[in-house]
Structure formats: structure tokens, C-alpha cells
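S.K.: I would like the atomic coordinates for the input below:
(one chain, ligands or ions: 2)
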Amino acid sequence: GDPFLTLGIETSCDDTAVAVLEGPRRVLAAGLSSQVEDHAPHGGVVPELASRKHQEAILPLLHQVLDRAGIRNPARELHLVAVTSGPGLMGSLLVGVMTAKALSQAWEVPLVSVNHLEGHLFANVVAHGDLKPPFLCLIVSGGHTEILLVRAFGDYQVLGGTRDDAAGEAYDKVAKLLGLGYPGGPVVDRLAATGNPEAFPLPVPLSGSGVVEFSFSGLKTAVLWVLKRLEKDGLPVPVEDLCASFQRAAVASLLEKTRVAVEQTGVRQVALSGGVGANSALRAGLEEEGARRGWRVYLPPRDLCTDNGVMIAAAGYSSFRRGIRCDVTFAPDPSWEL
Ligand code: KG4
Ligand code: ZN
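M.R.: Numbering: from 1, shown residues only. Ligands and ions are numbered 1, 2, ... in the order given. Prediction:
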């Protein structure tokens, strides 16, 4: 019969993203409008600005993506609209959710609401056709640091999360301390590659606690103390070394807690997602751990780790196949827990 086509819409934070997916994992077209340059002067995402930028970007992006997917008559050709309705910024979520509701009503196409974290884990489904539950998924982004046990699609257990800052947030704050701009993750990643990770012995957060729990705010403060000491002693800041030392501790914590999650559950398939999933040290570290300990490690390509519409379409398609439907009365939930 007809190929099943899902339109995915994501506006939970500062990326407007739209995609058309055929079946569970074939990408027909994907588009993204980034607001990085709008927020950079402010050193972080400004919610009101994000909302306004989504409003400007979403319809042109939608038309562009439908066009590239070869869809002339969405009402006839699309089978499903999937949209992120939380967690995220209310003003940002509203733009995607209201657009999706309007399209679903106008086209008479069913609508499903998608949890952003479930979306992130579906990056792995799109990237790896052979991935079957149960598996663990380490989700590390600007807003989240969590390890999920995926018992089945639609059946998730959060094994643990962060007590304070998210991993990406820590990268961004450290970059800010070092005057490297926003967002900091990619820059710190790049500079760390040429630095000495042993230059500054920063503490690995909650190391040895034996629980799946993260904390990154103390690590950020440890970087601040190093900077203050260097300044007091009148020494130059070895930026690469400091980036590498921070990254060593951050990645060591992510790897250690993944190890704990594997021990707790006996599940030896480990997937990665979220913006920090694009980090080269984390990707290399997970591959190494996997090879050493006999895990199967799944790494989506970097553009599926960061926020995108494809993962939302894939998660929505899976929900729909499991019988989930939404009427237009649902509201965005900025703190929707999986
Ligand atoms: O998933 P994402 O695009 O948006 C959220 O849902 O938060 O993640 C964005 C976060 C930012 O904090 C950014 O600095 C971080 O991911 N990030 C990285 C890298 N690329 C993006 N962090 C470390 N290394 C990277 N290569
Ligand atoms: Zn995200």
C-alpha cells in the first residue's frame, strides 16, 4: 500500500525543526532553523526571543521540507503529524503544538504528541535498524542528563538523572567562564582535543557512589577556582588544557554511571543521544568501554543527537503504531516527565 508518511515538528528549545519520515526510519526530508546566532549575544537561550523566532521560522521551514519531500497535497499524502509537547520552554513548545494542531485539523490527519526525551532516544531507532529493546539510553543535552532503561518502545524507566546542571549546561557554563561564547559544547570539545587532560586534576562528580546520579555544578565551580588561582598567581590561562581537564572529568562521570546502569540492569546494549552525544571524547569513550566490557554501543550520527524533527517523527510513528492518538485538547507540558 501507500508508504506511511509522518510529519515531525520540534520547537522545544531554540531549534525549529521539521522532517518527513517514511515508515519507521526512512528520512524523506529534514530541515532545521537554528537560533544560535540570536541567542549567542545573550550567552544563553532567551525564552521570549526563542518563541518569537520559532513563530517566524516554522511556516517557511514547513513549506520547504514538504517541498523537498515531494509532497504536493499534504492532506492526501501525509498519514500523521507528530509534535514535541514537552519538556521544554512553554513559549517555544506552544508554537510547534499550535501549528501541529492547526495542520492536523485542516488536513484531517491524526496527531500524536511526543515527549522530547522519547524523541531523543528514537534517534537511535532511525540510525540503527537492528536495535531492539531492552537497551539503555544515555541522554545528554543542554537540558537533560539521564539514563533510561528502554524495556520496550513506550515502556521506559529513568534509572537516574542529574541533581543540578545538565551535562551540556556544564559545557556551556565552562565555555562562558573561559570566554569561548555560546553554545560552548562544540568549542570545548574542539579545544580539548589539543589540550592535556591531566593538566588539572578536577574531581569526577559522585565517583564511586554506585548510584546512577549525576552532578555537574561542582565540576564547573572547580574550573572557576582554577581560573581564580591562575589569575591570583598572574599566570596565563592554558585554555586547551583546562578544556581537556574538564572534559576528562565530565566524560569519566558519564562513562562510570553508564557502567553502573549496565551492572544494575544486566542490559548490555547502550545507546547515546542528545546534543552532548555529539562530543568526540564521549563517543570514543563509549566505544572503548563497549569493546572492553562486551557491550553493544549505538551512536547516532551527530545531527540526529542534537535536536531535530526526524527523531520526533520516528517517536510519533512508533506511538501511533502502538495505538496512541491525541485529540486537540492536549496542552504543552514544560516539565513532562517520561
Ligand atoms: O540536544 P540539544 O541540541 O538541545 C537540548 O535539548 O538541550 O543539546 C544542546 C547542548 C548544548 O549544551 C551544547 O553545548 C551541547 O549540547 N553540545 C555539545 C557538543 N555539541 C553540542 N557538548 C559537548 N560536545 C559537543 N561536541
Ligand atoms: Zn534535546
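
S.K.: alpha carbons only for contacts and neighbour counts from here, please
M.R.: Fine.

S.K.: residue 202 against residue 221, yeah?
M.R.: No: in this structure, residue 202 is not within contact of residue 221 by CA atoms under 8 Å, at 10.1 Å.

S.K.: of those two, give the one with the bigger neighbour count.
M.R.: residue 202 (21 against 15; other CA atoms under 10 Å).

S.K.: quick one, what contacts the more buried one?
M.R.: 219, 222, 223, 245, 246, 249 (CA atoms under 8 Å, 6 or more residues apart in numbering).

S.K.: keep only the residues you listed that also lie close to ligand 1.
M.R.: Among the contacts of residue 202, proximity to ligand 1 is found for none (CA under 6 Å from any ligand atom).

S.K.: could I get those as CSV with neighbour count and secondary structure?
M.R.: Formatted as CSV, the contacts of residue 202 follow (neighbours: other CA atoms under 10 Å; DSSP: H, G, I helix; E, B strand; the rest coil):
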residue, neighbour count, secondary structure
219, 20, helix
222, 18, helix
223, 21, helix
245, 22, helix
246, 29, helix
249, 22, helix
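
S.K.: closest one of these to residue 183?
M.R.: Nearest to residue 183 among the contacts of residue 202: residue 246, at 16.0 Å, using CA to CA.

S.K.: separation between the closest one and residue 145?
M.R.: 17 Å (CA to CA, to the nearest Å).

S.K.: swap in residue 289?
M.R.: Residue 289 is 19 Å from residue 145, by CA to CA.

S.K.: okay, the two: which has more neighbours?
M.R.: Taking neighbours as other CA under 10 Å, residue 289 and residue 145 compare with residue 145 leading, 27 against 17.

S.K.: could you pull out the helices for the stretch 101-250 of the chain?
M.R.: In the stretch 101-250 of the chain, the helices defined using DSSP state H, counting those that start in this stretch lie at 116-127, 167-177, 185-192, 217-232, 239-265.

S.K.: make TSV out of those helices and add distance to residue 44 and mean pLDDT.
M.R.: Formatted as TSV, the helices of the stretch 101-250 of the chain follow (distance: least, CA to CA, whole Å; pLDDT from 0 to 100):
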stretch	distance to residue 44	mean pLDDT
helix 116-127	20	98
helix 167-177	8	97
helix 185-192	12	97
helix 217-232	16	97
helix 239-265	19	98
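
S.K.: show me where the chain has its strands.
M.R.: 5-10, 15-22, 26-34, 80-86, 111-115, 135-140, 145-152, 155-160, 269-273, 296-298 (DSSP state E).

S.K.: could you pull up the mean pLDDT of the longest one?
M.R.: Model confidence over strand 26-34, given as mean pLDDT, is 97.

S.K.: next, see if the helix or strand of the chain with the lowest mean pLDDT gets close to ligand 1.
M.R.: Sorting the helices and strands of the chain by mean pLDDT, DSSP states H and E puts helix 36-39 at the bottom, at a mean of 93. No: Helix 36-39 lies apart from ligand 1 when judged by CA under 6 Å from any ligand atom; the minimum separation is 10.3 Å.

S.K.: closest to residue 275 out of the helices of the stretch 101-250 of the chain?
M.R.: Short answer: helix 167-177, nearest of the helices of the stretch 101-250 of the chain by CA to CA, at 7.2 Å.

S.K.: got the residues of the stretch 151-300 of the chain near ligand 1?
M.R.: Taking CA under 6 Å from any ligand atom as the contact definition, the stretch 151-300 of the chain meets ligand 1 at 168-169, 171-172, 183-186, 189, 274-276, 278-279.

S.K.: turn the residues you listed into a markdown table, including neighbour count.
M.R.: Listed next are those as a markdown table, based on neighbours: other CA atoms under 10 Å:
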| residue | neighbour count |
| --- | --- |
| 168 | 25 |
| 169 | 25 |
| 171 | 28 |
| 172 | 25 |
| 183 | 23 |
| 184 | 23 |
| 185 | 26 |
| 186 | 19 |
| 189 | 21 |
| 274 | 30 |
| 275 | 24 |
| 276 | 28 |
| 278 | 24 |
| 279 | 22 |
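
S.K.: ok, so of these, who is nearest residue 87?
M.R.: When those are compared against residue 87 (criterion: CA to CA), the nearest one is residue 274, at 13.6 Å.

S.K.: need the pLDDT of that closest one.
M.R.: 97.

S.K.: about what we covered before: next, format the strands of the chain as TSV and append distance to residue 126.
M.R.: Listed next are these as TSV, based on distance: least, CA to CA, whole Å:
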stretch	distance to residue 126
strand 5-10	13
strand 15-22	10
strand 26-34	7
strand 80-86	15
strand 111-115	16
strand 135-140	14
strand 145-152	15
strand 155-160	18
strand 269-273	12
strand 296-298	11
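
S.K.: could you count how many residues lie near residue 112?
M.R.: Applying other CA under 10 Å, we find 26 residues neighbouring residue 112.

S.K.: so where's the chain uncertain?
M.R.: Applying pLDDT under 70 to the chain flags residues 1-2.

S.K.: kindly recompute the last result at 90.
M.R.: For the chain, residues meeting the criterion pLDDT under 90 lie at 1-2, 43-44, 182.

S.K.: so what's the most centrally placed residue in the chain up against?
M.R.: The centre of the chain sits closest to residue 274, judged by CA atoms, centre = their mean, with a distance of 2.4 Å. Residues in contact with residue 274 (CA under 8 Å, 6+ apart) are 120, 139, 140, 141, 305, 306, 307.
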